[in-house]
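1. my questions concern the predicted model and sequence given below.
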Amino acid sequence: MKKPLSLLYGLISYLAFFGTILYAIGFVGNLVVPKTIDGEPELPLANAILTDALLLLIFALQHSIMARPSFKSWWTNFVPAHLERSTFVLLSSLCLILMIWQWQPVGGVVWSTENDTLKTILLISYLSGWAIVFLSTFLINHFDLFGLRHVWLYATGRPYTNLPFRVPAFYKLVRHPLYLGFLVAFWSTPVMTVTHLLFAALTTGYIFTAIRFEERDLLASFGETYRNYKRWVPMIIPFSKRKTEDK
């Protein structure tokens with residue numbers, strides 16, 4: 001029963017992620033879903049800011065710590081290796097659910113536009129950012145990234161093999177198109193409230209911090225291949241001046 005149960009666990013973890021990320025698209029963009037990032041403040045300003053910052057910190061710490069190879073090596077002493085990625089995905093989803101559930105609007109408007117054309121452009125930009133995120137996962141291996149490949153190989157009796165280093169499509173323009181997609185989505189809004197600005201600023205800081213840790217891991221895994229890749233492809237801004245980043 002271990003194999004079908006592992007496959008079921010991986011599928012449940014994936015569906016939890018997929019449902020949560022779809023809700024998050026509505027949450028950040030103030031679209032369709034009942035609770036969104038903006039609203040009437042319910043807590044004093046300082047308490048609301050502290051709550052939101054803490055919620056984002058919980059997500060950031062879980063996401064960054066559990067993604068490190070050293071943690072994975074320790075963690076698989078307690079969680080089967082083929083379930084490690086699915087467990088990471090499930091816990092990330094739970095942290096995101098917690099953030100959405102407990103998120104506290106701050107109030108106030110930084111900028112706003114009533115121009116319908118500009119609103120449409122910003123909506124397209126917002127949805128395009130999320131499209132870049134999803135497409136980036138499929139360009140590498142969506143099902144490996146979210147744990148389904150791990151449990152499928154285990155269920156079919158085949159050993160897990162690491163993915164080879166590849167540079168498809170978006171990855172020829174920037175090294176981290178997935179993070180670029182998040183940045184485009186988080187900053188594309190016709191009404192930038194103080195709440196949204198707090199969210200966008202904190203997540204941007206986290207993204208650039210996460211990139212540094214991730215690139216150290218990629219250098220350790222792929223060595224000179226990844227070092228050469230860094231020399232000719234910008235980190236996050238397409239067509240920006242190419243710089244050697246060997247630190």
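-> Cool, the structure landed.
2. what about the residue lying closest to S240 once chain neighbours are set aside, neighbour count?
-> In this structure, S240 finds its nearest non-sequential neighbour in P234, 4.4 Å apart by C-beta to C-beta, 6 or more residues apart in numbering. To be clear about C-beta, it is placed using only N, CA and C from the backbone, and glycine gets the same treatment. By the measure other C-beta atoms under 10 Å, the count of residues near P234 is 18.
3. could you look up the SS state of P234?
-> Here P234 is recorded as coil under DSSP: H, G, I helix; E, B strand; the rest coil.
4. contact partners for L219?
-> 226-227 (C-beta atoms under 8 Å, 6 or more residues apart in numbering).
5. the residue nearest to S240 reaches I211, doesn't it?
-> No - using C-beta atoms under 8 Å, P234 makes no contact with I211, being 11.8 Å away.
6. mind listing the shared neighbours of those two?
-> Counting by C-beta under 8 Å, 6+ apart, nothing touches both P234 and I211.
7. got the confidence number for S240?
-> If you check S240, the pLDDT there is 81.
8. distance of it from R227?
-> 19 Å (C-beta to C-beta, to the nearest Å).
9. so for those two, which sits in the more crowded spot?
-> R227 (15 against 11).
10. tell me the SS of that one?
-> R227 is classified as helix under three-state DSSP.
11. can you pull out the strands in this protein?
-> Ranges of strands within the chain are 109-112, 191-193, based on DSSP state E.
12. quick one: which of the ones you listed is nearest M1?
-> strand 191-193 (50.1 Å; C-beta to C-beta).
13. run through who's touching that closest one.
-> Residues contacting strand 191-193 (C-beta under 8 Å, 6+ apart): 30, 37-38, 105-113, 200.
14. of those, buried ones?
-> For these, a neighbour count by 16 or more other C-beta atoms under 10 Å gives the buried set as 30, 37-38, 105-106, 200.
15. restricted to helices, list those residues.
-> When DSSP state H defines the helices, the subset of the buried ones among the contacts of strand 191-193 inside them is A200.
16. between the buried ones among the contacts of strand 191-193, which sits nearest A220?
-> Among the buried ones among the contacts of strand 191-193, and counting by C-beta to C-beta, the member closest to A220 is A200, at 30.8 Å.
17. what's the neighbour count on the residue lying closest to H82 once chain neighbours are set aside?
-> Nearest residue to H82 in three dimensions, chain neighbours excluded: Y154, at 3.9 Å (C-beta to C-beta, 6+ apart). Neighbourhood size, Y154 [other C-beta under 10 Å]: 20.
18. Y154 is in contact with Y160, isn't it?
-> Yes - the criterion here is C-beta under 8 Å, and Y154 meets it with Y160 at 7.4 Å.
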